[in-house]
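# pasting the structure only:
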């Protein structure tokens, strides 16, 4: 075979490289803390698109743990995305919204310049199980006004399972919930021994969180509570459930977030001084965050800042 003929041969594309991010246990919510499994941020990866925070909790037996009781606390520079598999959470915020988080229904709250809210599992909840996610707001929108959106996506049939698209577009379904950067968020159910190949935006990086099942993400095995990361450049992703029971997954995606952020406690800013100011205003009960009505207790005080200045961090390339 000549050199020209060798050059013309189409070599198989290399297998996508999936980075596996393990979970760590973290107490959430102050003195009545419940334990969550956190996979983002990590030292090796701060963000996936604008997704900057992934907490995964349950199945939690509320009778033995007390469930979720997070007193009023502040946020700046982000959106919170609440998604449940089981149970119910009562949400109250300083925008005046009193709403419930229920399985298969997304609640998205925009903090903008500042908001406060509380989260409490309801008395009827016996098992609490879901994810709490944050999205960083880009600089041009991080001081926007407070906002809140609710959406109950219908299930979309996939080859080998189904999807509920709560943000962005997947499998022909588009969520009406607005975001400030291109994003994808969806719950996926894969049937036993099923494989699904999904068309995705090649400009997006993607993360796959495994709630249950024995799953391969682009050929890489992931265990429950692990988050797999896939860099941009892929028009499809392939998911395989090798177990004899259903697998439940959360697929996240977005265009790489080009800004560096400082994230501390419940605040996202761009500098150490942004965080210092937000903390001082929360401690002083400033109008910036407003008040949460109806929570039967005190609000959470901010922790002490670390001794060294907080440094901005960005996406790993």
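Sure thing, it's come through. This one's a predicted model, so the numbers in the text were calculated from it and none came from an experiment.
# low-confidence ranges in the stretch 101-250 of the chain?
Within the stretch 101-250 of the chain, no range satisfies pLDDT under 70.
# Just give the closest residue to residue 253, not the sequence neighbours.
Nearest non-adjacent residue to residue 253, counting by CB to CB, 6 or more residues apart in numbering: residue 184, 3.6 Å away. Heads up, the C-betas are built off the backbone N, CA and C, glycines and all.
# OK, contacts around that neighbour?
49, 165, 167-170, 200-201, 204, 206, 251-254 (CB atoms under 8 Å, 6 or more residues apart in numbering).
# Now, those that are in strands?
Among the contacts of residue 184, the members falling in strands are 165, 167, 169-170, 206, 251-254 (criterion: DSSP state E).
# Next, work out how far apart the residue minimising distance to the centre of the chain and residue 202 are.
Central residue of the chain (CA atoms, centre = their mean): residue 133, 2.7 Å from the mean position. Between residue 133 and residue 202 the distance is 23 Å, computed by CB to CB, to the nearest Å.
# again with residue 104
Counting by CB to CB - residue 104 and residue 202 are separated by 29 Å.
# Might you report the residue contacts of residue 81?
Residue 81 makes contact with 106-108, 132-135, 166-167, 185, according to CB under 8 Å, 6+ apart.
# Take those residues and, keeping just the buried ones, write it as a ChimeraX select command.
Buried subset of those, written as a ChimeraX selection, criterion 16 or more other CB atoms under 10 Å:
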select :106,107,108,132,133,134,135,166,167,185
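# would JSON lines of the contacts of residue 81 with distance to residue 157 and secondary structure be doable?
As requested, the contacts of residue 81 are arranged in JSON lines below (distance: CB to CB, whole Å; DSSP: H, G, I helix; E, B strand; the rest coil):
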{"residue": "106", "distance to residue 157": "20", "secondary structure": "strand"}
{"residue": "107", "distance to residue 157": "25", "secondary structure": "strand"}
{"residue": "108", "distance to residue 157": "25", "secondary structure": "strand"}
{"residue": "132", "distance to residue 157": "28", "secondary structure": "strand"}
{"residue": "133", "distance to residue 157": "25", "secondary structure": "strand"}
{"residue": "134", "distance to residue 157": "30", "secondary structure": "strand"}
{"residue": "135", "distance to residue 157": "27", "secondary structure": "strand"}
{"residue": "166", "distance to residue 157": "17", "secondary structure": "strand"}
{"residue": "167", "distance to residue 157": "20", "secondary structure": "strand"}
{"residue": "185", "distance to residue 157": "19", "secondary structure": "strand"}
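# Can you tell me which of the ones in strands among the contacts of residue 184 has the most neighbours?
The most crowded member of the ones in strands among the contacts of residue 184, judged by other CB atoms under 10 Å, is residue 167 (30 neighbours).
# Nearest residue to it in space, please, no chain neighbours.
residue 185 (3.7 Å).
# contacting residues for that neighbour?
Residue 185 is in contact with 81, 83, 106, 133, 165-168, 175, 250-253, counting by CB under 8 Å, 6+ apart.
# swap the cut-off to 7 Å and go again
Contact analysis of residue 185 by CB atoms under 7 Å, 6 or more residues apart in numbering lists 81, 166-168, 252.
# Residue 208 too?
Applying CB under 7 Å, 6+ apart to residue 208 gives the contacts 217, 222, 227-228, 249, 251.
# and if we set it to 8 Å?
215, 217, 222, 227-228, 230, 237, 239, 249-252 are the contacts of residue 208 under CB under 8 Å, 6+ apart.
# Which positions are bridged to it in the beta structure?
Beta bridges link residue 208 to residue 228, residue 251, judged by DSSP bridges.
# Specify the local secondary structure of residue 278.
helix (DSSP: H, G, I helix; E, B strand; the rest coil).
# Report pLDDT for the residue nearest to it when sequence neighbours are not counted.
Spatially, and ignoring its direct neighbours in sequence, residue 278 is nearest to residue 267 (4.6 Å; CB to CB, 6+ apart). pLDDT for residue 267: 98.
# I'd like to know how many residues surround residue 267.
By the measure other CB under 10 Å, the count of residues near residue 267 is 23.
# Okay, and the beta partners of it?
Counting by DSSP bridges, residue 267 is bridged to residue 76, residue 264.
# separation between it and residue 81?
Separation of residue 267 from residue 81 (CB to CB): 17 Å.
# residue contacts, the closest residue to residue 202 other than its chain neighbours?
Excluding the flanking residues, the one nearest residue 202 by CB to CB, 6+ apart is residue 235, at 5.0 Å. With contact taken as CB under 8 Å, 6+ apart, residue 235 is in contact with 199-200, 202.
# show me where the stretch 201-317 of the chain has strands.
With DSSP state E, counting those that start in this stretch as the criterion, the stretch 201-317 of the chain has strands at 205-212, 215-217, 220-222, 227-230, 236-241, 247-254, 262-264, 267-269.
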